[in-house]
Each structure stands twice: as C-alpha cells, then as structure tokens.
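**Q** Predicted model follows, preceded by the sequence.
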Protein chains: 2
Amino acid sequence: MLTERAAALDAADPLAHVRARFLLPEGVVYLDGNSLGALPSAVPAAVEDAVHRQWGTDLIRSWNGNGWWEAPARTGDAVGRLIGAAPGQVVAGDSTSVQLFNTLLAAARMRPGRRLLLTDPDHFPTDQYIADSVGRLLGLEVRRVPAREAASVLAAEAGQVAVAAYAPVDYRTGELHDMAALTAAAHTAGALTHWDLCHAAGAMPVELDSMEADFAVGCGYKYLSGGPGAPAFAYVARRHQADFDHPLTGWHGHAEPFAMSGTYTPAADIARARVSTPPLLSLLALEAALTAFDGVEMTAVREKSLSLTGFFQECAGTLLDGLGFTLATPRDPARRGSQVALRHPEAYPLVAALTARGVIGDMRAPDLLRFGFNALYVTHGDVLRAVRELRAVVTGGEHLAPAFRTRPTVT
Amino acid sequence: MLTERAAALDAADPLAHVRARFLLPEGVVYLDGNSLGALPSAVPAAVEDAVHRQWGTDLIRSWNGNGWWEAPARTGDAVGRLIGAAPGQVVAGDSTSVQLFNTLLAAARMRPGRRLLLTDPDHFPTDQYIADSVGRLLGLEVRRVPAREAASVLAAEAGQVAVAAYAPVDYRTGELHDMAALTAAAHTAGALTHWDLCHAAGAMPVELDSMEADFAVGCGYKYLSGGPGAPAFAYVARRHQADFDHPLTGWHGHAEPFAMSGTYTPAADIARARVSTPPLLSLLALEAALTAFDGVEMTAVREKSLSLTGFFQECAGTLLDGLGFTLATPRDPARRGSQVALRHPEAYPLVAALTARGVIGDMRAPDLLRFGFNALYVTHGDVLRAVRELRAVVTGGEHLAPAFRTRPTVT
C-alpha cells in the first residue's frame, strides 16, 4: 500500500520534471542534499567553459569580457529570488563562516551602547563560535537563549540586545522556528536580526524583505546544490547598506576599486559587502546550479518538501516501529524544515550500513540519523526505498558488521 | 641581434620544458601571470574529476573517500615547499583578504600592550584597509611607513610596535624589499612580521622558515596559476601555532570538529588556521595547478625570472627609447621581483592596443604598464615580441584609435 501511495504522490508531483535537471548516480537514493546538494546537469558544461574558454583562452580579459566582476552580485540576485530579497541586497562569495563574521560584526556595530548578543545554544557550532568572537572583539556579552525563549528575553532586555542571531531551521532536528515572529520581537526591542539560512535557502520560501529582516547569510552547497564548498551569500537589507560598517574591508567593496586608494571608502550599495576576488570556478558552478530553480516557485518546493518529510514520517511509523528509533523532528508540518532526524543509539553504524545499500543520509553525534529532502530531485519512491532499506539493515543486523563500526576521520 | 639573443637564451633555458605544462592560447604572449596565471595542463582533468566523479557520483562520501577534508592542509604543504615552509605550517582556503585579516589580527593579539601596527603606504590597497580594520578593532594605531624606512622606525619605536605588515614585492613597480632584514629588525624590536607574498610565491625563493618569519599570506591565482580567485594560503610559523588566537573561529579549526561542541577549542596545530568548508572546485584546481612546479627548484625560477625581466629592460632600452616611457622597476636584479613596470601617460590605451595585438599585460592607474614574467611559461622570445609590438603600437599611433580609449568597468 505504501508502494501505491508513493507512486500516486510522484505521479501527481508538479515538480517531477525538475529531477532531470540533476545528474544523480544510478541506484542511489540521495538524502544528504542538506549537507551537499547533488550535481545539477547545467554545472559540468559551465565549469568546463569557465576553465577552458574563460580562464585558459580569455585569461585576464574575462574580468570584463565574461562578466567575472559582476558574478558576486549577479549570483547574489539569483539567490535573492529564492529568499524573498529584491535585487541589490545579496552578494555571493567567501564561506558561510566568513560572511557570518562580517555581517554579524557589522550588525552589532549598528547598535552601539547595547551590551548583549543573543544566539541559540542549538545553533550550528560555527555560528556560536563566531558570535563569541564578535562579542569578544566588540565587548559584548554573548547570551545563549533557545529560539523559543528569544522573544521573551528580547522583551525583558529591551534596550540591551544589539543583535539576535538565529537560524530558522535547527540543523540537527530540522525543527522550524518562526522567523517573522522573532524578527518582529527583535525590532520591538530595538534589536537587529541576523539569520543563518543554511538549512532554509532553496528548501522553503524565506520572505526576508517582507518580514523586514536585517541581515542574513547562507551556504551555497546545501539546498542550492552549488557544489562542494560553494560560496556563501550575504543579505544586507537595503535600508542598512549605507550604515554597513564591516570588518572585512577588501578592495572589491571599495567605491572606486580601481583607483587603488590607500584609504577605504565603501561602495554606496550592496557592493560594499564584497570582500575580494571570489573563487570563480566555484562561484560560476553555483551560478549555473541555480538555474535548476528556473520557473520553480518556492511555495511548490515547500509543498513537495512537506509531502516528502510527511511521507517519510508515515513510512517510518509503519516500517520502523519497535526497532529502537524515535523521531526527533516535529510532526507538525508548520514546525519542521526539509529534513527528518531519527534518534537511535547505533546511529553511526546504521548510516554506514545504509550507505552500503545505496541510501545516503548522514549522522550527527551522538545518536541522530539525518535525512534531508531536496524537493527538486527526491521522489516519494526514494523515501519509501530509504525507509525499507533502513528496516532491512536493522532487522538483518547488518550494522553490527565490523566494517560499519569504525569511524573515519570525517563523519 | 635581439632576435638571436632571445633564441640563444631560450635554447639554454633549463626550464624550457616546463612551458608544455601550460595551455597557452595560440598567438598570445601572456605577461599578466602576476594578475591571473595561465591554465596549467593538469587542471582541466582534475576539475572534471572533481565535478563528475567526486561531487556527482561520490557525493558526500568524498569528504572521506576523496580526501576533501585534508585538501586545505595538503595544498598548504604543496605551497609551503615553494615558500620555504616545512610541512604543517600552511593551509589553503578563503581569499587573501580573509586570510590577511585573520592572521594579522591574531599576530597583533600576540603583542598585547603595544600600540603600533606598521604597514606600507605602497602596500596593496586591501592590505592597508585590513590593517586599518584590525587596528580599529584592537585599538592600535596603524602607521604607514615605507618598507625602506621600516627598520629605523622599528628601532626608534622598540617596545611599541606589535606587528610590521609588509610585502616583499611592490605590486606596482615590482621593487623587491629585503624580507630577512626587515624580519630581523622587527624581532630585534620585539615585533612580529606579517608578509603578503602575493607577488612572491611561485616567482622566487622565499625562505620563511630560515628567516624566522612569523606570519604570511598569499594568493593562489598569480604565480601559482591556481585559477581565477583560487584560494589563498596562510602561513603560521610552528612556534606560534599554540598561541594563534584568531577571530575567524570556524568549525574546521576546532580540535574536535565533529563533536559539534558549542564552545570553540582550537586544534593544536596548523589545523586551527582552517576556517570552514573551502571552495573545493577552486581548491582542487589549485592543487592540480601546483604540480606544474614538480621537480622545479625555486632558485632556477628566480634565475630565469631575472633573465626575463633583465632582457625586457634591455629590449625596452633599445626599442622604446625616446617614445615617452620611463622605467619604474629597479635595474638592480637584487632589487626587483618578477615584473617590470613602465610609466607612460597613455598607459591605459597602450595596454588596450597591445592586447589587440595579442600581447597581454595590464595597467595600474594612473600611468603604469605592468608586465609580469612567470618563468614557468614565458620565453625570451615572448619578451622580445612584446616589446616590438609595444613599439609598433606607439610608433603607429594605434593607441590613439577611439576603441582603445574607453575604459570598461574593470581594468
């Protein structure tokens, strides 16, 4: 019956045709697009062109002739369309950590005299480390307050909080927080918001402009499928650009970069958020990857994503019942992102054994199995196969084999 | 006679065979490798493998299976060999500006209580901007002191200078400064050195370890030919690694990155200089590009580089005499890097007209024509042709054509 349900859901899927925009390996069910997105079909030719024609033949002339100079803003605008940002507010380049540091420090500088920086104790580690680094440099206290308590702390500490730095989606459990509500609470308290969209951009609608978000960053290699270590993006709301006082003052952000002045005069617009020469092969790969979203509405992505995660929960409820798993992700669709996490004490060997069966998810210590669903290429049939293979692994005790119990360097 | 000289020099060139390790466009003389290095032959296959097999097929498993996790240190060590750094002191990743900020701020933190940061008023703009940014964050006065006066200021201000941040090669004139002498002067004054090796790495021997340099950064896309926006590198001398207290505390630099702790505990070794996921397509391109240096000694590179720049000066002295050019680069081989700069009031249209003739250099406002000589692929024949074409442009008045007088966005 689950087989028929999966087939019917896939037959009715308005995004079914988008899967052909990705080059997926034969026989693999890929549920780790929340860590590294699959390869979009448009990328190989774009990269080959970047290497052979643009770099190899046109050489330095590509800065003008092939639009390299404009690539960060052009790619930024393409990301902007997916996160509710009108053109001229997003740049792509550098890593998420770097963008995070640059924008968070700039945000905190916009609220001089306030002593608190709020962040989530469940935030991705780098976000916490960078918040601590920014706090140390500017003399701010970094207070870790869970997302669900942030609004009340903002109200209680009105006038003291400079920035609230949060993510809409918990990277481990996939729990979804209410961005608009937290943004409103921050503004009521006179604070600014800083959003990490790594697990949201490309996975669901994010309405930065309409919720009046202040700053945001996100990575290019998860749901945007821009390739390993694809450049990140930074959003600086237009109303803040003239006051954006950031520490990474590279020459590409200068008002007149080619004047080669010894004094930094920032560009008037989003260009000031540029740092310096971006890694162009990676950036052009990301730009090509984003064409997989052509004609795709984020509301349709969200609808399918919820259908996939809901179906996964349904299959798990039926097929994994009594096998030692508990669900870490909220059942309420309004409270979950685009992933489902299961807890199991044997998470690592289970994921390893499942990978051997061609179903790729990942794990996070100590006990989480994470499955990410990119609505652009995952099918309900994939979901059902994944749960069935996981059941087979557990019931067959395959994860008890020694080969699956030794952890490599990186997991 | 110059023709015969060029032929004889090329015939005797011990690095002549290395040119075949680059894919140079037919008919082009490329003298802008100090801005963007030419495409090494090893790169296209490496990038194709990275895209198709590593990303497309192996997907997330590449972190272990294809050594992605180790790529920053592995590539760092490969750069280290070219700059006199023993293994375990260099990482690759992020942009030069970012590496500069991270290491310069960490260096300044190692000299608490000192109030001065010295840098060069002729330093590349970003280096000056970032020094100002670091100075502002840490409450240091940034004093601009030309390289030739730095030693005396260090002596006069002994006890007050935290860091001296310089480049061995002036990016405009190609003038070479004495790194070892400045390093020694800094140490005598109790200061640390920070070197920007953008125009030195891959162009000449740089003996970081033996001169007891402290910190250095450099870019991957000039003489290392790593591709447009190739990741930069950072050198942290082993003796400073345990005290390296940097602001860009990303999770890849954590002692136990996969423990996903909310508190940053830096790795004990050079790994702490890692920030986060590097742009892997660009990084793997850089790694492949570095194989062009296999079996090549930097002393041989320097010898040929001096031969090329010397021959350029010789040809210019003969062929451009009386045509309005002056030489901006020292004639003394001990005082020049791997480029020659000429001054001419019509620098921009001259470079544009020269490019139309297939000879690619670049210009820096207001009046510098820059020609960079990568000893791995430039020949003395190229040098002679470049000067002859430049003579033809000037004597024919080709640069007076309207097409060469309108400057595009990026020059």
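**A** Sure, I can see it.
**Q** packing partners for the helix or strand A:Ser133 falls within?
**A** Assigned by DSSP states H and E, A:Ser133 belongs to helix A:125-138. Applying 3 or more C-beta pairs under 8 Å, 6 or more residues apart in numbering or on different chains; DSSP states H and E, one finds that helix A:125-138 makes contact with helix A:96-109, strand A:116-119, strand A:141-144. Yep, even glycine has a C-beta here, placed from its N, CA and C like the rest.
**Q** and that helix, which residues are buried?
**A** A:125-135, A:137-138 (16 or more other C-beta atoms under 10 Å in any protein chain shown).
**Q** do the helix or strand bottoming out on mean pLDDT in chain A and chain B meet?
**A** In chain A, no helix or strand scores lower on mean pLDDT, DSSP states H and E than strand A:362-364, which sits at a mean of 92. Yes: remark: strand A:362-364 sits within contact range of chain B at A:Asp362, A:Arg364, by C-beta under 8 Å from any C-beta of the partner chain.
**Q** So what touches the helix holding A:Ser133?
**A** With contact meaning C-beta atoms under 8 Å, 6 or more residues apart in numbering or on different chains, helix A:125-138 is reached by A:96-97, A:100-101, A:104-105, A:108-109, A:117, A:119-121, A:123, A:140-142, A:144, A:165, A:167, A:196, B:137, B:247-251, B:254, B:257, B:260-264, B:276.
**Q** Out of the buried residues of helix A:125-138, the closest to B:Leu224 would be?
**A** A:Thr126 (27.8 Å; C-beta to C-beta).
**Q** do you know how far the closest one is from A:Asp32?
**A** Distance, A:Thr126 to A:Asp32, using C-beta to C-beta, to the nearest Å: 19 Å.
**Q** How about A:Gly397?
**A** 24 Å.
**Q** who's more crowded, these two?
**A** Taking other C-beta atoms under 10 Å in any protein chain shown, A:Gly397 and A:Asp32 do not tie; A:Asp32 has more neighbours (24 against 9).
**Q** quick one: the more buried one and A:Leu369 touch, right?
**A** No: contact criterion C-beta atoms under 8 Å: A:Asp32 and A:Leu369 do not qualify, at 11.0 Å.
**Q** Please enumerate the shared neighbours of those two.
**A** By C-beta under 8 Å, 6+ apart, the residues touching both A:Asp32 and A:Leu369 are A:Gly361, A:Asp362.
**Q** count of neighbours near A:Arg407?
**A** Neighbours of A:Arg407 under the rule other C-beta under 10 Å: 14.
**Q** Please read off the pLDDT at it from the model.
**A** Looking at A:Arg407, its pLDDT stands at 72.
**Q** Do stretch A:88-104 and chain B come into contact?
**A** Yes: contact of stretch A:88-104 with chain B (C-beta under 8 Å from any C-beta) involves A:Gly93, A:Asp94, A:Ser95, A:Thr96, A:Ser97, A:Val98, A:Phe101.
**Q** who are the neighbours in contact with the fifth one?
**A** In other words, A:Ser97. The neighbours of A:Ser97, taking C-beta under 8 Å, 6+ apart as the test, are A:Thr126, A:Ile130, B:Leu248, B:Gly250, B:Trp251, B:Val275, B:Ser276.
**Q** Pull out the buried residues from the residues you listed.
**A** A:Thr126, A:Ile130, B:Leu248, B:Gly250, B:Trp251, B:Val275, B:Ser276.
**Q** got a list of what A:Ala71 touches?
**A** Per C-beta under 8 Å, 6+ apart, neighbours of A:Ala71: A:Ala92, A:Pro278, A:Leu280, A:Leu283, A:Leu284, A:Glu287.
**Q** mind redoing it with 10 Å?
**A** A:63, A:91-93, A:231, A:278, A:280, A:283-284, A:286-287, B:228-229 (C-beta atoms under 10 Å, 6 or more residues apart in numbering or on different chains).
**Q** Tell me where the stretch 251-400 of chain A has helices.
**A** A:280-289, A:298-319, A:347-356, A:380-396 (DSSP state H, counting those that start in this stretch).
**Q** and the ones you listed as CSV, adding mean pLDDT, distance to chain B and mean neighbour count?
**A** Output for the helices of the stretch 251-400 of chain A, formatted as CSV (pLDDT from 0 to 100; distance: least, C-beta to the nearest C-beta, whole Å; neighbours: other C-beta atoms under 10 Å in any protein chain shown):
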stretch, mean pLDDT, distance to chain B, mean neighbour count
helix A:280-289, 98, 4, 30
helix A:298-319, 98, 18, 20
helix A:347-356, 96, 7, 23
helix A:380-396, 98, 14, 20
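**Q** Quick one: these as JSON lines, columns for distance to B:Ala341 too.
**A** Shown next, in JSON lines, are the helices of the stretch 251-400 of chain A (distance: least, C-beta to C-beta, whole Å):
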{"stretch": "helix A:280-289", "distance to B:Ala341": "26"}
{"stretch": "helix A:298-319", "distance to B:Ala341": "51"}
{"stretch": "helix A:347-356", "distance to B:Ala341": "56"}
{"stretch": "helix A:380-396", "distance to B:Ala341": "59"}
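**Q** got the phi/psi numbers for the closest residue to A:Asp214 other than its chain neighbours?
**A** Nearest residue to A:Asp214, sequence neighbours excluded (C-beta to C-beta, 6 or more residues apart in numbering or on different chains): A:Leu192, at 4.3 Å. The phi and psi torsions at A:Leu192 (degrees, to the nearest 10) take the values phi -110, psi 160.
**Q** The helix or strand harbouring A:Val47 and chain B, any residue contact?
**A** For A:Val47, the enclosing helix or strand under DSSP H and E is helix A:42-49. Yes: with C-beta under 10 Å from any C-beta of the partner chain as the criterion, chain B is reached by helix A:42-49 at A:Val43, A:Pro44, A:Ala46, A:Val47, A:Glu48.
**Q** residue contacts, the fourth one?
**A** When contacts are counted by C-beta under 10 Å, 6+ apart, A:Val47 touches A:227, A:281-282, A:284-285, A:288, B:44, B:47-48, B:50-52, B:281, B:285.
**Q** Mind doing that once more with 6 Å?
**A** By C-beta atoms under 6 Å, 6 or more residues apart in numbering or on different chains, the contact list for A:Val47 reads A:Ala285, B:Val51.
**Q** How confident is the prediction for it, by pLDDT?
**A** 98.
**Q** what about A:Thr263, neighbour count?
**A** 9.
**Q** And the strands in the stretch 201-350 of chain A?
**A** A:215-218, A:233-236, A:326-327, A:339-343 (DSSP state E, counting those that start in this stretch).
**Q** possible to save those as TSV with mean pLDDT, mean neighbour count and distance to B:Leu319?
**A** Listed next are the strands of the stretch 201-350 of chain A as TSV, based on pLDDT from 0 to 100; neighbours: other C-beta atoms under 10 Å in any protein chain shown; distance: least, C-beta to C-beta, whole Å:
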stretch	mean pLDDT	mean neighbour count	distance to B:Leu319
strand A:215-218	98	28	53
strand A:233-236	98	30	49
strand A:326-327	97	13	78
strand A:339-343	98	26	67
